[in-house]
Structures are given as C-alpha cells and as structure tokens.
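Q: Return a 3D structure for these sequence lines:
(one chain, ligands or ions: 1)
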Amino acid sequence: MKITEHIKKAKGKTLFSFEIIPPQKGRNIQELYNNIDPLMEFKPPFIDVTTSREEFVYIEKEGLLDRKITRMRPGTVGICAAIKHKYNVDTVPHVLCGGFSKEETEYLLVDCHYLGINNVMALRGDAMKHQRYFEPAKGGHLYAKELVLQIQNLNKGKYLHDVIDVDDKADFCVGVAGYPEKHVEAPSLQSDLRRLKEKVDAGANYVVTQMFFDNEKYFNFVKEAKKAGINVPIIPGIKPVSVNRHLQLLPQVFKIDLPEALIIEMEKCQNNRQVRQVGVEWCIEQSKELLAAGVPVLHYYSMGKSDNIQAIAREVF
Ligand SMILES: Cc1cc2nc3c(=O)[nH]c(=O)nc-3n(C[C@H](O)[C@H](O)[C@H](O)COP(=O)(O)OP(=O)(O)OC[C@H]3O[C@@H](n4cnc5c(N)ncnc54)[C@H](O)[C@@H]3O)c2cc1C
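A: Numbering: from 1, shown residues only. Predicted coordinates for the structure are as follows:
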C-alpha cells in the first residue's frame, strides 16, 4: 500500500514508523532483525531503509596508497524486500541521485517494481567527503526534483530512451525531504520552500522532515509550507539523542540546532547511559506534543539499536 493510502486509512490517527540503516558490508542481516523485532508491536505500516553514498577507501600497496571506491552499506533494495516479506510491512527504499546514473536508477526502480515495493524516497544525497559541492554522477541527476520526474515518468510508462513498448506501468508513491531549519545550501527557508514546492509539483506525494528537537520549528515549517502552496502530508522525522557526542555531531552533520534546555540536560549527564535516558524523555515529550497536534505519522530515526525507540513508543502509542 502507498504511504498516502496508509495515512488516509488511519483517518487522523497518528501512525508509527521508523528508519533503519543497512548493516555494514560483511555484517549479518540478523542484527537488523533483532532491532526491528521489538518495534513491530507498535504496528508500523512502513519502514524506511536508507542508502549510503559511495566513498573512497585507501589501501596500502607497495608503500603507496591505492584509492578505491566502495559502498560500505549496500543492499537497500534487498533489505527492503527481505523486511517486507518477513514482517508483511511496506518498506521505503531511499533512492539517491548521488553516485547513480539515470540508467542505474531505472534498473533499481524496476527491481522495486518487480518486488512489489511501491513507495520510494527521492533524495539528492550529500556531496562526497572530498567535494565542496554536490556533483552528480556522469549521466545522473543534479537535484532530487529531477529524480522525482524520472520516477513519475515510470509511473506513466515512460522509460529512459523510449526504445520499448510498455504494457506495465510502475505505480510509485514518492516521498521527498523537507528541512524545518532549512537545507544547509539554501540561502533562506523561503527559497528552500520554493524548491520543495517544485519537488511536489514534479510529483512528490509526501514530505519527511529532517530531524528537529524543537517542535516549534516543525509547526512553523508546516505553516510556511502551506503558505507556499504545499498541500501534501508533512511527516515529522525525530530522533532521540543517545550519546554525549551528539552535542557536536548533530549540528555538524545535520545542520540543526539543539534547544538550550536539552543541551543543559545533556551536559549534566555523567555517562552515555544517562544521555540516552535524557534523549528518551525529550523525545517522549516531543512525540506527545506532535501527536496532540495531529501529525499524520511519527517517524523515528532509529540509527542502530532500537531499545530507546521502543521505550518512547511504549509511552506514546
Ligand atoms: C528524511 C530524509 C531522509 C534522508 N535519507 C538519506 C539517505 O538515505 N541517504 C543519504 O545519503 N542522504 C539522505 N538524506 C540527506 C539528503 O540526501 C541531504 O540532505 C542532501 O544534501 C539534500 O537532499 P534533498 O533530496 O533534500 O536535495 P534537493 O531537494 O535536491 O535540494 C538540495 C539543495 O538544493 C537546493 N535546490 C533544489 N533545487 C534547486 C535548483 N533548481 N537550483 C538551485 N538550488 C536548488 C535546495 O534548496 C537545497 O538546498 C536524507 C534527508 C532527509 C531529510
């Protein structure tokens, strides 16, 4: 079922969902199942699976460093299929512009279509670590909007290069990213919202937000998005802090602010076990307020271990 259909079917009841990251290459999928199992009691209608960009690794060879390219967490579509069939739940693979040509993206989408995966998140991806600005792969997309258009073309039965007769159209529901604190490269929130509107006009069916720790940022974003003519569901994505290092890491990686009250509580902690508890409590409060505001879905960034998400969901759902 499509995400938008799940939302419609819920008739105003807030749904629970979460995002997982594929295991590192060489690790076992069982690890992933062990973290999904405890969350299934909250009946998520869908689970997102991220995609990681390729990266460079340096291998020493005869005293010199040989640069190789690798993908440390491959397998997004395979994991989606495995989870879909094991738990009978919809899965949403994240599809990236970065590192993929349009042809490779088409093959990936065809795989999804054959596997009965009919929801995808269309994302640009970040620049590679050595790049200052995002650069598309040769023959790839520069912005997520172009990826949305490619997916919508498949929904119309329009494959790349138009060399085939089509009797089977895809039917993807497409999610895109939104940024309550604006995307780091956007000159202003309003300009970012105009870009978001372009993605929706290109055919995006719903938006999932970047994590935020102050609900006012989300409420303001939804209000401004409506003013900008964006009328698709805007799903809040939230995450409990779990280690002291998040104080620096989250602002650095995700370009978001932490509220003063949360920072003070984290700074009082003697160890990461206490930080994890602060994260759970903060996230419960955030979740309850968002739930009371009638958000369509509470979408949690689980990032590995799920005991904290389970503790939050027990209090909220
Ligand atoms: C819910 C969610 C899930 C994510 N999942 C993943 C994942 O699985 N893997 C991963 O690598 N990353 C993921 N990301 C991160 C995302 O890839 C990065 O934030 C990336 O930098 C931007 O992606 P986007 O799809 O928002 O890009 P876009 O929508 O293309 O926007 C990128 C920037 O370009 C600007 N822009 C858009 N169109 C134009 C234009 N025509 N001209 C000039 N500027 C323009 C926008 O304002 C924005 O600043 C996720 C982010 C979110 C919020």
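
Q: which parts of the lengthiest helix in the chain are buried?
A: When the chain is scanned for its longest helix (criterion: DSSP state H), the result is helix 272-292. Buried residues in helix 272-292, counted by 16 or more other C-beta atoms under 10 Å: 275-284, 286-287, 290. Glycine gets a C-beta too; all of them are placed from N, C-alpha and C.

Q: out of these, which one sits closest to residue 106?
A: residue 290 (36.6 Å; C-beta to C-beta).

Q: Look at the closest one and report its pLDDT.
A: Listed pLDDT for residue 290 reads 98.

Q: check contacts around it.
A: If you count contacts by C-beta atoms under 8 Å, 6 or more residues apart in numbering, residue 290 has them with 14, 215, 218, 236, 238, 298.

Q: measure the fifth one to residue 214 for me?
A: Looking back up the chat, that one is residue 238. 11 Å (C-beta to C-beta, to the nearest Å).

Q: Tell me where this protein has helices.
A: Counting by DSSP H, the helices of the chain are 3-10, 29-36, 76-87, 102-114, 144-155, 189-201, 215-227, 246-254, 260-267, 272-292, 307-316.

Q: and the ones you listed as TSV, adding distance to residue 50?
A: Below are the helices of the chain laid out as TSV (distance: least, C-beta to C-beta, whole Å):
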stretch	distance to residue 50
helix 3-10	16
helix 29-36	12
helix 76-87	7
helix 102-114	14
helix 144-155	15
helix 189-201	19
helix 215-227	21
helix 246-254	13
helix 260-267	24
helix 272-292	19
helix 307-316	15
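
Q: wait, which of the ones you listed is closest to residue 132?
A: From the helices of the chain, taking C-beta to C-beta, the stretch that ends up closest is helix 246-254, at 15.9 Å.

Q: Against which helices or strands is the closest one packed?
A: helix 260-267 (3 or more C-beta pairs under 8 Å, 6 or more residues apart in numbering; DSSP states H and E).

Q: List the buried residues of the helix it packs on.
A: Neighbour-count burial for helix 260-267, counted by 16+ other C-beta under 10 Å, picks out 262, 265, 266.

Q: How about stretch 93-112?
A: 93-102, 105-106, 108-109, 112.

Q: ok, which pair from those residues is furthest apart?
A: 98 and 112 (18.2 Å).

Q: residues touching the nearest residue in space to residue 48 that is not next to it in sequence, list them.
A: With C-beta to C-beta, 6 or more residues apart in numbering as the criterion, residue 48 has its nearest non-adjacent residue at 4.0 Å, and that residue is residue 19. Going by C-beta under 8 Å, 6+ apart, residue 19 touches 47, 48, 49, 50, 237, 299, 300, 301, 302, 303.

Q: ok, of those, which one's closest to the ligand?
A: Checking the contacts of residue 19 against the ligand with C-beta to the nearest ligand atom, the nearest one is residue 50 at 3.3 Å.

Q: what sits against the closest one?
A: Remark: with contacts taken as C-beta under 8 Å, 6+ apart, residue 50 is in contact with 19, 20, 21, 22, 73, 76, 94.

Q: try 7 Å
A: 19, 21, 94 (C-beta atoms under 7 Å, 6 or more residues apart in numbering).

Q: Kindly provide the distance from the residue lying farthest from the centre of the chain to residue 69.
A: Going by C-alpha atoms, centre = their mean, the residue of the chain most distant from its centre is residue 62, 41.1 Å out. For residue 62, the distance to residue 69 equals 20 Å [C-beta to C-beta].

Q: do residue 40 as well
A: 36 Å.

Q: Those two - which one has more neighbours?
A: With other C-beta atoms under 10 Å as the criterion, residue 40 and residue 69 differ in neighbour count, and residue 40 comes out ahead with 13 against 10.

Q: hang on, the more buried one packs against residue 87?
A: Yes - using C-beta atoms under 7 Å, residue 40 makes contact with residue 87 at a distance of 6.0 Å.

Q: can you count the residues close to residue 41?
A: Look at residue 41: counted by other C-beta under 10 Å, it has 12 neighbours.

Q: cool, residue 245 as well?
A: Residue 245 - counted by other C-beta under 10 Å - has 11 other residues nearby.

Q: Show the model's pLDDT score for it.
A: For residue 245, pLDDT reads 97.

Q: what's the answer for residue 63, then?
A: For residue 63, the predicted pLDDT is 88.

Q: so who does the nearest residue to residue 241 once chain neighbours are set aside touch?
A: Nearest residue to residue 241 in three dimensions, chain neighbours excluded: residue 279, at 3.9 Å (C-beta to C-beta, 6+ apart). By C-beta under 7 Å, 6+ apart, the residues touching residue 279 are 240, 241, 242, 308.
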